[in-house]
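Asks: I'll drop the sequence and a predicted model, then ask my questions.
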Amino acid sequence: MPKEWKKVRLGEVFEVQVGATPSRRVPEYWNGNINWVSSGEVHFNNIYSTREQVTEDGILHSSTNIHPIGTVMLAMIGEGKTRGQAAILNTKAAHNQNTAAILVSETPCSSKYIYYFLLLNYENTRRVGSGNNQKALNKERVRALRFPFTSFKEQEEIVAEIESRLSVFDSIEQTIDCTLSQAEALRQSILKQAFEGRLI
């Protein structure tokens, strides 16, 4: 790591908030127009919409808040590979208690820089959350996660370089997928011909 960079805790730079679930016993809290993120929707992606929506009453009567576009979400609890995965909000949204909102958008820092760091650090983040029976992160553990802090300009440059190089990788991956599809089609064709008596 360059000597001018610093390893700092997320909680030293960003506010971190944990969400909540409005009571499901009150129908008036649900099916509104406010997006509500659950941990299962956080899987290294951009969130444009959510499976469930809540009402303003639901927000008022629970301890969740509406966060702005650019907020980085982190799954703290979840089945399988969910814990430790991140997402970027591309819509305003509230969220449940199994997710943490890292309010990057309220600072000059790059949301994508934090997102890509969490992508890199996925296995380490999961280990941080594996020290108890439930295998979960919590607000303080999220705040304590360390990341390399550099200038805002350099963060943007790093993100641009990451995305440029990943686009090459995506192109290679698409080519491989296409080739695998063609190979599978050829295999099926050979088998079909074989059992139609057209190979010999």
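Replies: In hand now; what should we look at?

Asks: what comes up buried for the strand ranked longest in the chain?
Replies: Longest strand in the chain by number of residues (criterion: DSSP state E): strand 30-37. Neighbour-count burial for strand 30-37 flags 30, 32, 34, 35, 36, 37 (criterion: 16 or more other Cβ atoms under 10 Å). For every residue, glycine as well, the C-beta is placed using N, CA and C.

Asks: How about stretch 1-21?
Replies: 10, 11, 13, 14, 16, 17, 18, 19, 20, 21.

Asks: Can you pull out the low-pLDDT segments for the protein?
Replies: 129-134, 194-195, 197, 199-200 (pLDDT under 70).

Asks: The buried residues of stretch 1-21 into TSV, with extra columns for distance to residue 148?
Replies: Shown next, in TSV, are those (distance: Cβ to Cβ, whole Å):
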residue	distance to residue 148
10	12
11	15
13	12
14	14
16	18
17	23
18	25
19	27
20	32
21	34
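
Asks: contacting residues around residue 15?
Replies: Counting by Cβ atoms under 8 Å, 6 or more residues apart in numbering, residue 15 touches 103, 106.

Asks: where's it relative to residue 50, distance?
Replies: Residue 15 is 22 Å from residue 50, where distance means Cβ to Cβ, to the nearest Å.

Asks: next one: residue 40
Replies: 10 Å.

Asks: coming back round to it: going by distance to residue 2, which of the buried residues of stretch 1-21 wins?
Replies: residue 13 (18.0 Å; Cβ to Cβ).

Asks: All the strands of this structure, residue numbers only.
Replies: 6-9, 16-18, 30-37, 45-47, 52-54, 72-75, 86-89, 93-95, 99-102, 146-149.

Asks: Make TSV from those strands and add distance to residue 165 to it.
Replies: TSV is the format used below for these (distance: least, Cβ to Cβ, whole Å):
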stretch	distance to residue 165
strand 6-9	24
strand 16-18	29
strand 30-37	29
strand 45-47	19
strand 52-54	36
strand 72-75	21
strand 86-89	19
strand 93-95	30
strand 99-102	24
strand 146-149	18
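
Asks: List just the one of those that sits closest to residue 159.
Replies: strand 86-89 (11.5 Å).

Asks: for the closest one, packing partners?
Replies: The elements that strand 86-89 packs onto, with contact taken as 3 or more Cβ pairs under 8 Å, 6 or more residues apart in numbering; DSSP states H and E, are strand 45-47, strand 72-75, helix 111-120.
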